[in-house]
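# with the sequence up front, the predicted model follows.
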Amino acid sequence: MKRPSTHDAIVIGGGPAGASAALALARRGWAVAIVEKNVFPRRKVCGEYISASNLALLDRLGIGDAWRAEAGPEIRRVGLFSGDTTIEAPMPGARSGPARDGFGRALGRDILDTLLLDAACSAGAEVFQPCRAVAIERDGDGQAVRIQPTGGKAGDEATILRAPVVVAAHGSWEPGPLPSQLGKVNRHSDLLGFKAHFTNSSLPSDLMPLLTFPGGYGGMVLADHGRMSVSCCIRRDRLARLRGSLAAERGGHVSAAEAVGHHIMATCRGARDALEQARLDGPWLAAGPIRPGIRAGYEKGIFRVGNVAGESHPIIAEGISMALQSGWLLAEELGRVAGGKAGREAAGRRYEAAWRGLFSTRVLAAEAIARMALGPGGAALMEAVVRNFPRTLTLGARLSGKTKTVPGLAVSGLAR
Ligand SMILES: Cc1cc2nc3c(=O)[nH]c(=O)nc-3n(C[C@H](O)[C@H](O)[C@H](O)COP(=O)(O)OP(=O)(O)OC[C@H]3O[C@@H](n4cnc5c(N)ncnc54)[C@H](O)[C@@H]3O)c2cc1C
């Protein structure tokens, strides 16, 4: 006997991608479930910068005013801190934003993600939190998602949610049992992500520098409430060597975060200067390996948004934009579905094409910039180019999508 659906759509993951998709679907009158494994607010490995090109979308999602009230200062300059070199250039403003929204800003993920999830909940989405999705199975014409309270025991009874549409929005950095989760990797060249907040930094409030250092890259930016976010990626093999040599020097265990912090301070003058008087605010966080690349937007009957659909190297700080915008794009396509499997497959194809049109260039641009930063002699070459032509920083920001808004917002059927 076919069991009735509990929802029209089940969204796995309550980060920016999941919350934006769920909110937009709920506004269309869909019965939406969001499954999020963590309790919010929670901090997250992320630089926390959002381009102004997202402001129209944040307004549509209903959190634009809160974002303007909470986020850090406008970032009007982009920079490069590499070795002893510090270079700056103008940040391009968003092409179609009103003047006051022309520049991006940073907002802690503890605040941003909570605002978004609360907005989705207010729009009518039912939030299962803290609950982990542990299995997705075919269920007649739809899907069944098995969820368990986070931290529960293996024998605990699972809840089964059923819906014709399942949206994977669980990010890409954790392997797991779901068919949409990426397989485990363990390569020397993997990039591991780190992030910490600091207060009392001397970084100019309108500057977001890219940091390059041997084996990795990173960024720093002033976010909300005087917190500066420092985030970076470093190769697994380089990190292991750094930990080993630091442990030998100090005669004891050295954590990965300690080794990363020490390495950045030792090799990047601009970061050292900005952090000289700064105080760590909370612990360093680690994640990864990161999984840059373009993946399927619809596979095995599951729609994918955010990092799981595709991810750019965070060297361009566009992941939140891509997450928010892909969630919105998918909701737009699903809103046109007549129903049934054929309708969903057509929506999946249209969504995938729209995703590629909007994001492929920035994924490829980020790949090229990251390769240069990480390759042998690449950081020195990058430094030489940028020293002679500082505007390549402005061009890089433009190529990475910082001025590109989501098409069709003005004509969308969604009420603000
Ligand atoms: C070092 C670094 C710096 C970065 N800096 C920036 C930046 O400055 N600007 C920017 O735009 N981007 C930046 N990014 C990228 C950005 O963090 C990601 O692209 C973005 O978080 C992706 O959003 P998402 O919603 O797809 O996934 P996530 O933000 O990862 O959200 C996924 C959610 O799903 C939940 N989840 C996972 N598995 C399950 C499950 N089985 N069941 C239920 N819930 C689950 C998780 O708890 C999480 O809340 C950076 C990334 C790194 C590594």
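Noted; the coordinates are in hand.
# from here on, just use CA atoms for contacts and neighbour counts.
Will do.
# got any ranges where this structure has weak pLDDT?
1-2, 94-101, 154-155, 410-416 (pLDDT under 70).
# interface residues of the stretch 301-416 of the chain facing the ligand?
306, 307, 314, 317, 318, 319, 320, 321, 323 (CA under 6 Å from any ligand atom).
# again, only using 8 Å
Neighbours of the ligand within the stretch 301-416 of the chain, by CA under 8 Å from any ligand atom: 305-309, 311-324.
# out of the residues you listed, which sit inside strands?
Among these, DSSP state E puts residue 311 in strands.
# what subset of the residues of the stretch 301-416 of the chain next to the ligand is buried?
305-309, 311-324 (16 or more other CA atoms under 10 Å).
# for the stretch 301-416 of the chain, just list every one of the helices.
Along the stretch 301-416 of the chain, the stretches classed as helices by DSSP state H, counting those that start in this stretch are 319-335, 340-374, 378-388, 391-399.
# show the subsequent helix or strand relative to the strand or helix carrying residue 81.
Per DSSP states H and E, residue 81 falls inside strand 77-82. Per DSSP H and E, the first helix or strand lying C-terminal to strand 77-82 is strand 85-90.
# thinking again about what came up before, and among the helices of the stretch 301-416 of the chain, the most buried is which?
helix 319-335 (a mean of 25; mean count of other CA atoms under 10 Å).
# who in the stretch 151-300 of the chain is up against the ligand?
Counting by CA under 8 Å from any ligand atom, the residues of the stretch 151-300 of the chain near the ligand are 169-174, 176, 178, 192-195, 218-219, 231-233, 287-288, 290.
# if we go to 5 Å?
170, 171, 193, 231, 232 (CA under 5 Å from any ligand atom).
# in strands, which of those appear?
Per DSSP E, the subset of these in strands is 193, 231, 232.
# who wins for neighbours among those?
residue 232 (28 neighbours; other CA atoms under 10 Å).
# pretty sure that residue contacts residue 196?
No: contact criterion CA atoms under 8 Å: residue 232 and residue 196 do not qualify, at 9.4 Å.
# run the chain-centre distance for stretch 133-150.
Mean C-alpha position of stretch 133-150 versus that of the full chain (CA atoms, centre = their mean, to the nearest Å) differs by 25 Å.
# likewise for stretch 104-111?
Offset of stretch 104-111 from its chain centre (CA atoms, centre = their mean): 11 Å.
# same check, this time on stretch 301-316
8 Å.
# may I have the distance across it, first residue to last?
From its first residue to its last, stretch 301-316 covers 31 Å (CA to CA, to the nearest Å).
# what does the strand holding residue 81 contact?
By CA atoms under 8 Å, 6 or more residues apart in numbering, the residues outside strand 77-82 that reach it are 86-91, 206-213, 268-271, 379, 383, 393-394, 397.
# go with 7 Å
86-91, 206-213, 268, 270-271, 383, 393 (CA atoms under 7 Å, 6 or more residues apart in numbering).
# repeat for stretch 268-279
81-84, 86, 198-203, 213, 265.
# cutoff 8 Å now
Here stretch 268-279 makes contact (CA under 8 Å, 6+ apart) with 81-86, 198-203, 211-213, 264-266.
# ends of it, how far apart?
Taking CA to CA as the measure, stretch 268-279 stretches 18 Å from start to finish.
# return the distance of it from the chain's centre.
Using CA atoms, centre = their mean, the offset of stretch 268-279 from its chain centre is 25 Å.
# could you number the chain from 52 rather than 1 from now on?
Taking 52 as the first residue, the last one we looked at is stretch 319-330.
# and it, which residues are buried?
Buried residues in stretch 319-330 (16+ other CA under 10 Å): 319, 320, 321, 322, 323, 325, 326, 329.
# can you list the residues you listed in a markdown table and add secondary structure?
Shown next, in a markdown table, are the buried residues of stretch 319-330 (DSSP: H, G, I helix; E, B strand; the rest coil):
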| residue | secondary structure |
| --- | --- |
| 319 | coil |
| 320 | helix |
| 321 | helix |
| 322 | helix |
| 323 | helix |
| 325 | helix |
| 326 | helix |
| 329 | coil |
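# return the closest of these with respect to the ligand.
residue 322 (15.3 Å; CA to the nearest ligand atom).
# kindly indicate which of the residues of the stretch 202-351 of the chain next to the ligand lies nearest residue 97.
Closest approach to residue 97 among these (CA to CA): residue 282, at 6.3 Å.
# how about that closest one, nearest residue that isn't a chain neighbour?
residue 246 (4.1 Å; CA to CA, 6 or more residues apart in numbering).
# part of a helix, is that neighbour?
No: assessed with three-state DSSP, residue 246 is strand; it does not lie in a helix.
# do you know how far it is from residue 335?
6 Å.
# and these two? Which one has more around it.
residue 246 (25 against 20).
# residue contacts, that one?
95, 96, 97, 98, 280, 281, 282, 283, 335, 336, 337.
# also residue 385?
Residue 385 touches 395, 398, counting by CA under 8 Å, 6+ apart.
# wait, residue 75 touches residue 384, no?
No: assessed by CA under 8 Å, residue 75 is found out of contact with residue 384, at 11.0 Å.
# ok, back up a step: which of the contacts of residue 246 fall in strands?
Assigned to strands by DSSP E, the following of those qualify: 280, 281, 282, 283, 335, 336, 337.
# partners of the residue lying closest to the fourth one once chain neighbours are set aside in the sheet?
Think residue 283. Spatial nearest neighbour of residue 283, excluding adjacent residues (CA to CA, 6+ apart): residue 269 at 3.7 Å. Beta-bridge pairing of residue 269 under DSSP bridges involves residue 262, residue 283.
# can you verify my assumption that residue 269 contacts residue 366?
Yes: using CA under 8 Å as the test, residue 269 is close enough to residue 366 to be in contact (6.6 Å).
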